[in-house]
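>>> what's the 3D shape of this:
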Amino acid sequence: MALEALIFDVDGTLADTERDGHRVAFNQAFAEVGLDWRWDVELYGQLLAVTGGKERIRYYVDQYRQDYVKPADFEALVVRLHAAKTRHYTALLGQGGIPLRPGVRRLLEEARARGVRLAIATTTTPDNVSALLRHAVSPEAILWFEVIGAGDVVAAKKPAPDIYYYVLNQLRLSPAQCMAFEDSENGLRAAQAAGLKTVITVNDYTRAHDFHGAAMVIDHLGEPSRPFQGLSGYDVNGACCLDLKLLEQLQADA
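Residues are numbered from 1 along each chain as shown. From the prediction side, this is the model:
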């Protein structure tokens with residue numbers, strides 16, 4: 001069956017947004033309203049086990065700040081904090097401090113040239129997706145993606161497969177016609193549960209995750225001048241970059 005579409009996670013997959021993007025923006029949002037909460041690099045790595053920004057705030061308060069007395073409008077505060085985080089994150093992107101990961105632009109452009117459809121399946125907000133694409137790719141890059149499944153379009157976040165079911169339904173394609181790209185164990189579990197073969201590109205936060213069952217685990221997508229390293233899964237056979245030819249071979253592999 002032909003490879004018809006590539007479905008990408010965003011944070012950690014298209015760009016290393018977590019440590020120097022979202023984490024910093026969360027801290028700026030907390031300081032803006034006078035909260036003494038500060039998420040350092042190590043703590044944020046632990047909080048990433050929870051998918052979804054609003055969910056992460058609630059989890060932090062429940063697990064790490066039991067001294068905090070929740071106000072009556074706590075849920076509204078969580079929404080305001082998350083909106084402020086998005087605003088600060090967008091400003092960081094505008095400063096050009098969060099580039100795409102190696103090989104991402106190359107693969108996106110190859111897919112567009114070959115008529116392979118592009119989609120996104122992420123827990124981050126649509127505003128975060130559009131800001132990243134606009135600043136890190138091009139002002140028109142949002143139009144490259146036929147379907148953007150993001151934010152609260154489904155209630156259950158990864159590792160639930162709901163966001164992938166949504167994207168597949170919008171594309172009107174079967175899992176066998178698509179390939180998913182993720183960076184985390186939660187993302188892999190979501191894609192697997194939806195029946196998708198999945199390529200994992202690890203980062204500093206996810207390198208130690210359990211990626212059992214992934215079709216391929218690599219350090220990044222690769223460039224001719226910066227070859228990727230195969231970590232587990234499919235034998236890359238000396239390839240330097242993950243391109244459509246290699247993805248088609250991966251898809252056809254039983």
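
>>> how about the strands in the stretch 151-254 of the chain?
178-182, 197-201, 216-218, 230-233 (DSSP state E, counting those that start in this stretch).

>>> Mean pLDDT and mean neighbour count added to these, as CSV?
Where you see a C-beta, it was placed from the backbone N, CA and C, and this is true even at glycine. Below are those laid out as CSV (pLDDT from 0 to 100; neighbours: other C-beta atoms under 10 Å):
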stretch, mean pLDDT, mean neighbour count
strand 178-182, 98, 27
strand 197-201, 97, 25
strand 216-218, 95, 23
strand 230-233, 84, 16
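
>>> Tabulate these in TSV, adding columns for distance to Gly94.
TSV is the format used below for the strands of the stretch 151-254 of the chain (distance: least, C-beta to C-beta, whole Å):
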stretch	distance to Gly94
strand 178-182	25
strand 197-201	25
strand 216-218	30
strand 230-233	33
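
>>> Would you tell me which of those gets closest to His209?
Closest approach to His209 among the strands of the stretch 151-254 of the chain (C-beta to C-beta): strand 197-201, 8.3 Å.

>>> so how far is Leu196 from the residue lying closest to Pro159 once chain neighbours are set aside?
Nearest in space to Pro159, with sequence neighbours left out and distances taken as C-beta to C-beta, 6 or more residues apart in numbering, is Arg189 at 3.7 Å. Distance, Arg189 to Leu196, using C-beta to C-beta, to the nearest Å: 11 Å.

>>> between these two, who's got more neighbours?
Leu196 (26 against 19; other C-beta atoms under 10 Å).

>>> domains for this structure, by residue range?
5-16+99-252, 18-94 (automatic domain parsing).

>>> which of those is buried the deepest?
Highest mean neighbour count of those: domain 5-16+99-252, a mean of 19 (counted as mean count of other C-beta atoms under 10 Å).

>>> tell me how far the ends of that domain are from each other?
14 Å (C-alpha to C-alpha, to the nearest Å).

>>> in this protein, which spans are helices?
23-32, 41-47, 53-64, 74-94, 104-114, 126-136, 162-171, 185-193, 244-252 (DSSP state H).

>>> Any chance of TSV for the ones you listed, columns mean pLDDT and distance to Leu6?
Output for the helices of the chain, formatted as TSV (pLDDT from 0 to 100; distance: least, C-beta to C-beta, whole Å):
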stretch	mean pLDDT	distance to Leu6
helix 23-32	97	27
helix 41-47	94	27
helix 53-64	96	25
helix 74-94	93	22
helix 104-114	97	6
helix 126-136	90	15
helix 162-171	98	11
helix 185-193	97	12
helix 244-252	93	8
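
>>> closest one to Met216 among those helices?
The closest of these to Met216 is helix 244-252. By C-beta to C-beta, the value is 6.2 Å.

>>> related to what we said a few turns ago, next one: the residue nearest to Pro159 from Thr206, what distance?
Taken as C-beta to C-beta, the span from Arg189 to Thr206 is 13 Å.

>>> likewise Tyr44?
Taking C-beta to C-beta, one finds Tyr44 at 13 Å from Thr206.

>>> Ala119 now?
The gap separating Ala119 from Thr206 is 21 Å, by C-beta to C-beta.

>>> ok, now Asp219?
From Asp219 over to Thr206 (counting by C-beta to C-beta), the distance is 11 Å.

>>> Check the nearest residue to Thr125 once chain neighbours are set aside and give its pLDDT.
Excluding its sequence neighbours, the residue lying closest to Thr125 (C-beta to C-beta, 6+ apart) is Gly151, at 4.3 Å. At Gly151, the model reports a pLDDT of 85.

>>> Report the contact partners of Gly151.
Counting by C-beta atoms under 8 Å, 6 or more residues apart in numbering, Gly151 makes contact with 122-126.

>>> Contacts for stretch 208-216 next, please.
179, 184-185, 188, 192, 197-200, 202, 217, 230, 232-234, 236, 242, 250, 253.

>>> 6 Å instead?
By C-beta atoms under 6 Å, 6 or more residues apart in numbering, the list of residues contacting stretch 208-216 from outside reads 184-185, 188, 192, 197-200, 217, 233-234, 250.
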